[in-house]
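**Q** Predicted structure and sequence below. I'll ask about it afterward.
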Amino acid sequence: MCKETKCDVLCIQETHRTEVMKTPKIIGMKHVTSAYFTEENDIEILTIEMDKCTVTSIYKPPNAQFTFKKPPNFDAQKINFVIGDFNNHHTSWGYEETDENGHGVKKLRLPKPKIKRRKENENMGLGGTFLDIELEAAIKTLKNGKAAGRDDMCTEQIRHFGNRTKRWLLDLFNNIRDTLKLPKVWRKSKIIALLKPGKNPDLPSSYRPVSLLCHTYKLYERILLNRLGPAIDEKLVKEQAGFRPDDAAIAVQDNNFETIEEKLTNVLEHTSKYYTSNHLKPNPNKTLFCAFHLRNREANRKLEITWEEDIKGWIEPAEHLPSGHELQWHVWKTLNQLRVGVGRSKDNMLKWGYLNDQETSCHCGTIQTMAHLLVCPLAPGLCTLEDLTNANQKAMDVAQYWANENI
Ligand SMILES: [Zn+2]
């Protein structure tokens, strides 16, 4: 504010109101846009609103119980200064003791300003009126020969609707969009029981229940899906293969690359059989694969998998190991234990019940905590957490030393 108004010193004037003048007024006060106050328990809270901020002054008489009641313009600006004559004590502001009202003021959590929503930016334009072409596209996806729901309407009938009926249906859909109310019949389903093949028809458990919904409802869902699908799809990361049309994800876990490669190759071979028997065409060219580190010395190894012809896509893993992964396994493990501060230091071994009270000293004589390992005079040098993060020479020397000491 000083910068904007080109002033060097901002003076804040404490004013007292009088019976005749409820809101303060100082001649020449140019930046005040509103002034309101509250009064409760004799506590006077006055908020002055300016172009960019509000300044609130609180006056609490010595014997009053502290409460905070916001004046109506308190949240008018994002920046709020609160100053006051609170007449209370708290160690936080230099007193030797804290009194009850001091607690009250300390706990005063001023409400955060509300985020201003811009609704027009939130719907990505997906909420507009449904159009003829959307209805036509959805009708094309209906399959013949499907059982009707509670409205007894079959897909064949819908496919043969004339223009006036389609118009009526589209009006219904747009009405649902506006009112957010579904027809009651859509919320009911017709449940029929199908006998499982080769099962005893006398037992209820031999039947599989199928619930039939109205096709007009499914048509409405299809229109929504056609609209939302592309917008959602472009927001998803390409690594997500599950729950996407035409995509499948296969995850395999094991101790070594060779087994993983064998397992994946076998699964893909099975997949080929599934594809062939369902008259589908597998597409190895569009298949991507990725490995997450199993053995650190093999962190950069790529999987070797075959599927019909070679698979071409390789995704670089999005996450990388912390630096130092090229170290020997046991040194790398110790380095990480030093980084996170959890490892087999003697005080931890005592805590975990592996040692007794007398054995917690390091060879240097100090109690051996994880923190001590970084400064122990017996280690080849000192190292800091930053050294550990960078896995520099100091950190590697220390990790090597403690790895040999079986930490
Ligand atoms: Zn030591």
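**A** Happy to help now that I have it.
**Q** Can you give me every residue that contacts the closest residue to the ion within the stretch 101-250 of the chain?
**A** With CB to the ion as the measure, the residue in the stretch 101-250 of the chain that lies nearest the ion is K106; the distance is 42.9 Å. Every residue, glycine included, has its C-beta placed from N, CA and C. Contacts of K106 were listed using CB atoms under 8 Å, 6 or more residues apart in numbering, and they are 90, 92, 98.
**Q** in the stretch 101-250 of the chain, which segments are predicted with low confidence?
**A** Filtered on pLDDT under 70, the stretch 101-250 of the chain yields the residue ranges 108-115, 120-124, 237-242.
**Q** Please enumerate the strands of it.
**A** In the stretch 101-250 of the chain, the strands defined using DSSP state E, counting those that start in this stretch lie at 190-195, 207-212.
**Q** For D42, find the nearest of those.
**A** Of all the strands of the stretch 101-250 of the chain, the one in closest proximity to D42, counting by CB to CB, is strand 207-212 (66.2 Å).
**Q** Check what contacts the closest one and list those residues.
**A** Contacts of strand 207-212 from elsewhere in the structure, counted by CB under 8 Å, 6+ apart, are 147-150, 189-196, 199.
**Q** Just checking: what are the partner strands of it?
**A** strand 190-195 (antiparallel) (DSSP bridges).
**Q** Counting neighbours, what do you get for E44?
**A** Neighbouring residues of E44 were enumerated by other CB atoms under 10 Å; the total is 19.
**Q** That one - nearest residue in space that isn't next to it in sequence?
**A** Excluding its sequence neighbours, the residue lying closest to E44 (CB to CB, 6 or more residues apart in numbering) is Y59, at 4.6 Å.
**Q** circling back: from C53, how far out is the residue of the stretch 101-250 of the chain closest to the ion?
**A** Here the criterion is CB to CB, to the nearest Å. By it, K106 lies 23 Å from C53.
**Q** Any chance of a markdown table for the strands of the stretch 101-250 of the chain, columns mean neighbour count and distance to the ion?
**A** Output for these, formatted as a markdown table (neighbours: other CB atoms under 10 Å; distance: least, CB to the ion, whole Å):
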| stretch | mean neighbour count | distance to the ion |
| --- | --- | --- |
| strand 190-195 | 12 | 73 |
| strand 207-212 | 12 | 69 |
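**Q** one step back: could you identify which of the contacts of K106 has the most neighbours?
**A** Most surrounded of the contacts of K106: other CB under 10 Å gives H90, at 17 neighbours.
**Q** I'd like to know how many residues surround the closest residue in space to that residue that isn't next to it in sequence.
**A** Using CB to CB, 6+ apart and skipping the chain neighbours, the partner closest in space to H90 is G102 (3.4 Å). If you count neighbours by other CB under 10 Å, G102 ends up with 20.
**Q** for G102, what are its contacts?
**A** For G102, the contacting residues are 86, 88-90, 95, by CB under 8 Å, 6+ apart.
**Q** go on, K281?
**A** Taking CB under 8 Å, 6+ apart as the criterion, K281 is in contact with Y275.
**Q** likewise N356?
**A** Neighbouring residues of N356 by CB under 8 Å, 6+ apart: L350.
**Q** For stretch 369-382, C-alpha coordinates in CSV please.
**A** These are the backbone C-alpha positions of stretch 369-382, laid out as CSV (Å, rounded to 0.1, in the frame of the first residue of the first chain):
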residue,chain,number,x,y,z
THR,A,369,22.1,-43.5,17.9
MET,A,370,21.4,-43.2,14.2
ALA,A,371,22.5,-39.5,14.4
HIS,A,372,25.7,-40.5,16.1
LEU,A,373,26.7,-42.6,13.1
LEU,A,374,27.1,-39.5,11.1
VAL,A,375,29.5,-37.9,13.6
CYS,A,376,31.3,-40.9,15.2
PRO,A,377,35.1,-40.2,15.4
LEU,A,378,35.8,-43.8,14.4
ALA,A,379,34.0,-43.3,11.0
PRO,A,380,36.2,-42.1,8.1
GLY,A,381,34.7,-38.6,8.4
LEU,A,382,31.7,-36.5,9.2
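**Q** Can you give the contact residues for that stretch?
**A** Outside of stretch 369-382, the residues that reach it under the criterion CB under 8 Å, 6+ apart are 337-338, 341-343, 345, 347-348, 362-364, 366, 368, 383-385, 388, 394, 397-398, 400-402, 407.
**Q** what about burial for these, which qualify?
**A** Buried residues within the contacts of stretch 369-382, counting neighbours by 16 or more other CB atoms under 10 Å: 337-338, 343, 345, 347-348, 362, 368, 383, 388, 394, 398, 400-402, 407.
**Q** who in the stretch 251-400 of the chain is up against the ion?
**A** Residues of the stretch 251-400 of the chain that fall close to the ion, judged by CB under 5 Å from the ion: 362, 364, 376.
**Q** Which ones among the buried ones among the contacts of stretch 369-382 map onto helices?
**A** Secondary structure assignment by DSSP state H places 337-338, 347-348, 388, 394, 398, 400-402 of the buried ones among the contacts of stretch 369-382 in helices.
**Q** Quick check: which ranges of the stretch 251-400 of the chain have low pLDDT?
**A** Residues of the stretch 251-400 of the chain meeting the criterion pLDDT under 70: 293-299, 309-312, 317-322.
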